[in-house]
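# sequence first, predicted model second:
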Amino acid sequence: MSFNEIESSNDLGRPIFLYAFNLGAATWRYTSGDEDVTLSGYKWSACAINDDGVKITGESSTDGISITAPSSIAPVQMFYGTPPSNAIMVQIYHYHEGDTDAVLGYTGEVLQVSLPAPGKAVIACDTISASMERDGLRLAWQRTCGHALFGLGCNLNKEDFKLDVKVFDVVNNVVYFQGMDSVVDGKFDGGFISWEHPTRGTEFRAIETQVANAMTMFGLADGLYYGLAVKAYPGCRRTTAACTEFNNLPNYGGVPDMPGKSPFDGDPVF
């Protein structure tokens with residue numbers, strides 16, 4: 001019997017929900033039922049999970065959903081310390097016990113996780129359509145460059161400037177690296193590092209300052225440990241001099257000779 005037939009029947013329905021969380025190549029599956037479910041070759045583990053229902057208000061920004069679950073499940077643990085660099089996607093399926101069919105009822109992105117009580121987690125999710133309504137970035141008139149380094153407009157290939165290093169020591173949010181003996185101080189200020197995590201995929205941390213082989217991270221340095229192979233990418237001061245160091249002055253996104261007097265201050269412009 002199909003899902004629609006069971007859903008519209010008077011007394012055949014035994015509804016439960018299926019929750020799938022995706023982060024890179026990792027997928028965690030749970031069911032709100034009291035027993036594990038096997039569907040389409042996948043096992044959905046039973047746990048105390050539920051949500052506050054799908055909302056259709058016409059305003060995608062308010063159609064988010066909150067999922068309540070045990071704090072011990074893997075998607076919640078990904079938010080202990082620094083959240084994952086890549087988004088965790090979630091799909092909620094409507095299902096009836098004993099059926100062989102499930103219908104997708106919601107898809108979205110995990111925004112944040114809160115722990116309101118011991119053993120309890122609330123996962124705040126937003127719809128995919130809401131992310132499409134966010135304001136885009138526009139390049140304004142300014143003296144400094146507004147391009148993101150290695151991004152569109154800058155057009156540099158970040159792999160041409162990477163430095164392969166290894167973690168030597170971690171003290172609070174300061175990380176010491178091997179392989180930086182010839183690097184000048186400040187070259188990696190405002191840059192970032194990346195490495196491969198077995199579950200989270202590619203992880204990133206922003207660099208606040210760099211002195212010799214010591215880099216101070218923005219936020220926490222969790223996930224970094226002795227011997228970890230890391231790729232380090234330099235930062236940019238957004239000036240013409242810095243752009244020249246990258247040999248990329250034709251793509252400079254600022255206007256260094258822009259006058260300091262505004263043409264809109266009421267005075268005549270001659």
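Thanks, I have it. Keep in mind that what you see is a predicted model, and the values were worked out from it rather than measured.

# only C-alpha atoms for contact and neighbour calcs from this point on.
OK.

# how near is the residue nearest to the spatial centre of the chain to D51?
With distances taken as Cα atoms, centre = their mean, the residue of the chain nearest its centroid is N86 (3.5 Å). From N86 over to D51 the distance is 23 Å, taken as Cα to Cα, to the nearest Å.

# before we move on, the earlier item: unless I'm mixing things up, the residue nearest to the centre of the chain is touching E196, no?
No: with contacts counted by Cα atoms under 8 Å, N86 stays clear of E196, the gap being 11.9 Å.

# so where's the protein uncertain?
Within the chain, the ranges that satisfy pLDDT under 70 run 1-13, 56-62, 129-137, 268-270.

# can you give the domain ranges for it?
Split into domains by automatic domain parsing, the chain comes to 3-131, 162-233.

# and the ones you listed as a markdown table, adding distance to P259?
Below are the domains of the chain laid out as a markdown table (distance: least, Cα to Cα, whole Å):
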| stretch | distance to P259 |
| --- | --- |
| domain 3-131 | 37 |
| domain 162-233 | 27 |
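
# right, and the ones you listed - which one's nearest A242?
Judged by Cα to Cα, the one of the domains of the chain that comes nearest to A242 is domain 162-233, at 10.1 Å.

# the closest one: end-to-end distance?
5 Å.

# now find how far off-centre that domain is within its chain.
Centre-to-centre, domain 162-233 and its host chain are 19 Å apart (Cα atoms, centre = their mean, to the nearest Å).

# do stretch 236-245 as well
Centre-to-centre, stretch 236-245 and its host chain are 28 Å apart (Cα atoms, centre = their mean).

# what residues sit buried inside that stretch?
Neighbour counts over stretch 236-245 (16 or more other Cα atoms under 10 Å) mark C236, R238, T239, T240, C243 as buried.

# now stretch 86-93
I88, M89, V90, Q91, I92, Y93.

# ok, the fourth one touching A20?
Yep, that's Q91 we're talking about. Yes: with contacts counted by Cα under 8 Å, Q91 reaches A20, the gap being 5.2 Å.

# contacts for the lengthiest strand in the chain?
For the chain, the longest strand by residue count, based on DSSP state E, is strand 102-117. Here strand 102-117 makes contact (Cα atoms under 8 Å, 6 or more residues apart in numbering) with 3, 54, 71, 76, 79, 87-96, 121-128.

# same thing but 7 Å
Under the criterion Cα atoms under 7 Å, 6 or more residues apart in numbering, residues 3, 76, 79, 87-95, 121-128 lie in contact with strand 102-117.

# and if you look at stretch 217-234?
With Cα under 7 Å, 6+ apart as the test, stretch 217-234 has contacts from 81-82, 161-170, 172-174, 187-189, 191-195, 205-208.

# buried subset of the residues you listed?
When those are checked for burial by 16+ other Cα under 10 Å, the buried set is 163, 165-170, 174, 187-189, 191-195, 205-208.

# secondary structure added to the buried residues of stretch 86-93, as CSV?
Shown next, in CSV, are these (DSSP: H, G, I helix; E, B strand; the rest coil):
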residue, secondary structure
I88, coil
M89, strand
V90, strand
Q91, strand
I92, strand
Y93, strand
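
# out of these, which is nearest to D257?
Once Cα to Cα is applied, the member of these that ends up nearest D257 is I88, at 44.0 Å.

# the closest residue to that closest one other than its chain neighbours and R205: what is the separation?
Nearest residue to I88, sequence neighbours excluded (Cα to Cα, 6 or more residues apart in numbering): L23, at 4.8 Å. L23 sits 18 Å away from R205, taking Cα to Cα as the criterion.

# run a quick neighbour tally on the residue nearest to I88.
Each residue near L23 was counted by other Cα atoms under 10 Å, and the total is 19.

# and for the one 10 residues further on?
The tally of other residues near G33 (other Cα under 10 Å) stands at 22.

# which SS class is it?
Classification of G33 by three-state DSSP places it in coil.

# so what's H197 bridging to?
Applying DSSP bridges to H197 gives these bridge partners: G201.

# S194 contacts F204, correct?
Yes: using Cα atoms under 7 Å, S194 is in contact with F204, at 4.5 Å.

# wasn't A232 part of a strand?
Yes: according to three-state DSSP, A232 belongs to a strand.

# measure the nearest residue to it once chain neighbours are set aside to A20 for me?
Leaving aside its sequence neighbours, A232 sits nearest to I193 (Cα to Cα, 6+ apart; 4.4 Å). Computed as Cα to Cα, the I193 to A20 distance reads 30 Å.
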